[in-house]
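Enquirer: Sequence and predicted structure below; questions after.
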Amino acid sequence: MQKTKEQSDNSQAEAKQAQEEKIKRHLRLLEAALYVAGRPLTINELCSVLSTRSKNKTKKYTKALIREYSTRNTALEILELKDERYVLQLKADFTPLVRKLVNRPLLSSGPLKTLSYIAYRQPISQKRVIQARGQHAYGHVKLLRDMGLVAAEHAGRSMTLRTTDYFADYFGLTHDTSTMKRELKRIFGEAMKV
């Protein structure tokens, strides 16, 4: 009888250890996915990484990883964004300290000015963008569309341009267009004072 209880205790301990290893593996998979993506991932994308359809299970693991990162006291953090999206990023305190190590900017100044014009005035026709920014803006718009920062919708013979969710995520802005415009106005206003 004594041997059976001991065997039962051992098998329970092994099962518990196997479950803990499974949890650790899921956390490492989520961490790897967030790191490699370099952008916010949706809960559905994280579910596919864990090979599960259970959003609740994936959220549970993701929240555990967020807690783990908050206790680590490192330069990185995992944030939960709106619309069940998650991102691994550098904490804001460290950005100015390491900015000089970034190899090159995302965009050169011409396309960046065109992008800011579109973002501030969206939705805007491509024709108006070209009138304001010049003929070279055709190339800028193509580049911005290829990068996924701007989307175009056909409106008759013209195209209407607006920024994408990826644009908002990349620059840390809200997805709501009117709120984004207020944020941009504040950012541009502060930049003009410097």
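Expert: That came in fine, so what should we check first?
Enquirer: From the recorded domain assignment, give the ranges for the chain.
Expert: Structural domains assigned to the chain are 18-96, 109-193, following automatic domain parsing.
Enquirer: Save those as CSV, and put in mean pLDDT too.
Expert: Formatted as CSV, the domains of the chain follow (pLDDT from 0 to 100):
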stretch, mean pLDDT
domain 18-96, 89
domain 109-193, 85
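Enquirer: Dump those domains into TSV; add distance to Asn10 as well.
Expert: For every residue, glycine as well, the C-beta is placed using N, CA and C. Formatted as TSV, those follow (distance: least, Cβ to Cβ, whole Å):
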stretch	distance to Asn10
domain 18-96	13
domain 109-193	49
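Enquirer: With respect to Glu6, which of the ones you listed lies nearest?
Expert: domain 18-96 (18.8 Å; Cβ to Cβ).
Enquirer: Just the terminal-to-terminal distance for that closest one.
Expert: 43 Å (Cα to Cα, to the nearest Å).
Enquirer: What segments of this protein are helices?
Expert: With helices called from DSSP state H, the chain shows them at 2-37, 43-49, 55-72, 95-98, 109-121, 126-133, 137-146, 165-170, 177-193.
Enquirer: Please produce TSV containing those, extended by mean neighbour count and distance to Leu88.
Expert: Output for these, formatted as TSV (neighbours: other Cβ atoms under 10 Å; distance: least, Cβ to Cβ, whole Å):
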stretch	mean neighbour count	distance to Leu88
helix 2-37	12	4
helix 43-49	17	12
helix 55-72	15	8
helix 95-98	10	14
helix 109-121	18	24
helix 126-133	16	34
helix 137-146	17	25
helix 165-170	17	12
helix 177-193	12	23
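Enquirer: Pipe those into JSON lines and attach distance to Ile78 per row.
Expert: Converted to JSON lines, the helices of the chain look like this (distance: least, Cβ to Cβ, whole Å):
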{"stretch": "helix 2-37", "distance to Ile78": "6"}
{"stretch": "helix 43-49", "distance to Ile78": "11"}
{"stretch": "helix 55-72", "distance to Ile78": "5"}
{"stretch": "helix 95-98", "distance to Ile78": "16"}
{"stretch": "helix 109-121", "distance to Ile78": "26"}
{"stretch": "helix 126-133", "distance to Ile78": "36"}
{"stretch": "helix 137-146", "distance to Ile78": "28"}
{"stretch": "helix 165-170", "distance to Ile78": "14"}
{"stretch": "helix 177-193", "distance to Ile78": "23"}
